[in-house]
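With the input below, show me the fold.
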Amino acid sequence: MKHAFPSKETRDPTKTDSDSDPAVLLPNVTAIVLAKVVEYFNKHAAVNPKASATDSSTKTSAPKASKEELKSFDAKFVNVDKTMLVGLILAANYLNVKDLLDLTCQHAVDLIKDMTLEQVREVFNIVNDFTL
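Now for the predicted structure:
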């Protein structure tokens, strides 16, 4: 779990009051989404192991090839179905991983920026229950 919680700011759900229960409780994150989040952490740690997920000062010192590699990975990483994307957004928010939250939210914005309100409702299964 070394890379799973890369910064001090990230809430670490593995820290519990009881030492007798080694279980990690992530009630708001499914196993499939968690696997994808771990994939994100592992890739970012492999390219720039000293950088935390929220430390932008160390990212600027990463080699140019590493930055390009991460950009390519990130673009492919967020190219998922809407259910997974929403799951990743919720997981990033729950785990307090700013870079992942920014990445996934930006992708969601990019997906809906040219849509009408009705199209956005359809894509995200939002019921229009507004009444006057």
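
ends of stretch 26-33, how far apart?
By Cα to Cα, to the nearest Å, the extent of stretch 26-33 from end to end equals 11 Å.

Need the contact partners of it.
13, 34, 37, 84, 87-88, 90-91, 94-95 (Cβ atoms under 8 Å, 6 or more residues apart in numbering). (C-beta placed from N, C-alpha, C; glycine too.)

now, among the residues you listed, which is nearest to Thr104?
Leu88 (4.7 Å; Cβ to Cβ).

Which strand or helix spans the nearest residue to the closest one once chain neighbours are set aside?
In space, Leu88 comes closest to Thr104 once its chain neighbours are excluded; the distance is 4.7 Å by Cβ to Cβ, 6 or more residues apart in numbering. Counting by DSSP states H and E, the element that carries Thr104 is helix 98-112.

same for that helix, what does it pack against?
Helix 98-112 sits against helix 31-47, helix 82-95, helix 117-123, with contacts defined as 3 or more Cβ pairs under 8 Å, 6 or more residues apart in numbering; DSSP states H and E.

The first one relative to helix 82-95, how many degrees between them?
To tie it back to what came earlier, the one meant is helix 31-47. Counting by axes from the mean of the first three to the mean of the last three Cα atoms, to 10 degrees, helix 31-47 lies at 70 degrees to helix 82-95.

and the angle for helix 31-47 with helix 98-112?
With the same axes, to 10 degrees applied, the angle from helix 31-47 to helix 98-112 works out at 120 degrees.

buried stuff in helix 31-47?
33-34, 36-37, 40-41, 43-45, 47 (16 or more other Cβ atoms under 10 Å).

Lowest-scoring secondary structure element of the chain by mean pLDDT?
One helix or strand of the chain scores below all others by mean pLDDT, DSSP states H and E: helix 56-59, with a mean of 50.

shaky segments in the protein?
Within the chain, the segments meeting pLDDT under 70 span 1-24, 48-65, 131-132.

repeat that for 90
Along the chain, segments meeting pLDDT under 90 span 1-29, 44-69, 121-132.

can you tell me how far Leu103 sits from Ala35?
17 Å (Cβ to Cβ, to the nearest Å).

Which secondary structure elements does the helix or strand Lys76 falls within sit against?
Secondary structure from DSSP H and E places Lys76 in helix 64-77. Packing partners of helix 64-77 (3+ Cβ pairs under 8 Å, 6+ apart): helix 31-47.
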